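>>> Fold the stuff below for me.
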Amino acid sequence: MTLFDWCAISEKGHDLESNEDCVVAEPGYGIFIVADGMGGRPGGGQASRVAARTFMETLRRVNPSVIAEPNVLRKAVDAANAAVLAIGSGEPNMKGMGTTLTAAILSDGGNRIVHVGDSRLYHFARGLLTQLTQDHTLATELVAREYMTREAAAKFPLRHVLSRAVGTQATVEPDIDNLAVRPGEWLVLATDGLMKTVPKLRLAEIMAANEKAGAAAACRAIIKAAIDAGPRDNVTVAVVRLVG
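Got it, this is the predicted structure:
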């Protein structure tokens, strides 16, 4: 059985009435999830909670040995998508609700990344912070197709518009990838509120300064850096280290 040192914190952004982020962890199954309800849409907070919990509960109902199999993970995303879509379809004021969903699956049957949207998963080891997910945004898609440079994308007015989300369409295609992580190494899951306030280099510095102190210290330090920057978005972080 894999053991973890982990901590998760979600904080409301400055002057926001509600927190549309959600973080769910089930270390007994090796499942860690962050989700960010779509800003400016009704029911964003409900969308993130329903998606994350439906994804989790779907995986908890299967044999632990097959949790990391791609077909099982796709079914869990399908279930989350259908659950959010059903709420949006059944309640007129919730129409258009949606959410990101980024998960790390760390099981005896294998390690996987499941990703939809622009929340992120990072790997930290030996002082190096590596982004493992690709943002599903309009700007990222345009850069990938060479319609826009990265410099232009950083100033693009619609750079935060999602090209993929859970619960907005009848189907959604998640990115499902292998996850290479060894005992003693770290994973950081975060919603985009963190990226808007704490640059990648600063995040790496915080992890390096706090990794000996443990997950709780690292997570609190990351959140403090984000809140001190005066975020206009909610900030959610989950820090996970494989112990054995």
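>>> Check what pLDDT the residue of the chain most remote from its centre gets.
Using CA atoms, centre = their mean, the residue of the chain lying farthest from its centre is P92. It sits 27.3 Å away. Looking at P92, its pLDDT reads 72.
>>> What residues are bridge-paired with the closest residue to V114 other than its chain neighbours?
Excluding the flanking residues, the one nearest V114 by CB to CB, 6 or more residues apart in numbering is A103, at 4.3 Å. Every C-beta, even on glycine, is put in place using the N, C-alpha and C of the backbone. For A103, the beta-bridge partners are I33, V114 (DSSP bridges).
>>> who touches A103 in this structure?
Neighbour list for A103: 31-34, 55, 113-115, 189 [criterion: CB atoms under 8 Å, 6 or more residues apart in numbering].
>>> try 7 Å
31-33, 55, 114 (CB atoms under 7 Å, 6 or more residues apart in numbering).
>>> And for L3?
Counting by CB under 7 Å, 6+ apart, L3 touches 243-244.
>>> ok, now how distant is the residue nearest to V114 from R182?
Distance, A103 to R182, by CB to CB, to the nearest Å: 19 Å.
>>> Distance check, the residue nearest to V114 against V116.
From A103 to V116 the distance is 9 Å (CB to CB).
>>> Just name the shakiest helix or strand of this protein by mean pLDDT.
Counting by mean pLDDT, DSSP states H and E, the chain has its least confident helix or strand at helix 150-155, which shows a mean of 68.
>>> for the helix or strand following that helix, which positions count as buried?
Going down the chain from helix 150-155, the next helix or strand is strand 175-178, by DSSP states H and E. Residues 176-177 are the ones in strand 175-178 that count as buried (16 or more other CB atoms under 10 Å).
>>> Give me the contact list for strand 175-178.
Outside strand 175-178, the residues that reach it (CB under 7 Å, 6+ apart) are 70, 73-74, 111-115, 133-134.
>>> So Y29 belongs to a strand, correct?
No. Counting by DSSP: H, G, I helix; E, B strand; the rest coil, Y29 is not part of a strand but coil.
>>> Quick one: neighbours of it, just the number.
Using other CB atoms under 10 Å, Y29 has 17 neighbouring residues.
>>> Same question for E91.
Neighbour number of E91 under other CB under 10 Å is 13.
>>> In contact with it, which residues?
With contact set as CB under 7 Å, 6+ apart, E91 has no partners.
>>> try A218
The contact partners of A218, by CB under 7 Å, 6+ apart, come to 206-207, 210-211, 239.
>>> now do V84
Here V84 is in contact with 47, 50-51, 97-99, 166-167 (CB under 7 Å, 6+ apart).
>>> which stretches of this protein form strands?
Along the chain, counting by DSSP state E, strands occupy 4-11, 21-26, 31-36, 101-107, 110-116, 120-125, 128-131, 175-178, 186-190, 235-242.
>>> Mean pLDDT added to the ones you listed, as CSV?
Below are the strands of the chain laid out as CSV (pLDDT from 0 to 100):
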stretch, mean pLDDT
strand 4-11, 97
strand 21-26, 97
strand 31-36, 98
strand 101-107, 97
strand 110-116, 97
strand 120-125, 98
strand 128-131, 98
strand 175-178, 98
strand 186-190, 98
strand 235-242, 97
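>>> any chance of those in TSV, with distance to V161 too?
Output for the strands of the chain, formatted as TSV (distance: least, CB to CB, whole Å):
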stretch	distance to V161
strand 4-11	23
strand 21-26	18
strand 31-36	14
strand 101-107	17
strand 110-116	14
strand 120-125	17
strand 128-131	20
strand 175-178	18
strand 186-190	19
strand 235-242	20
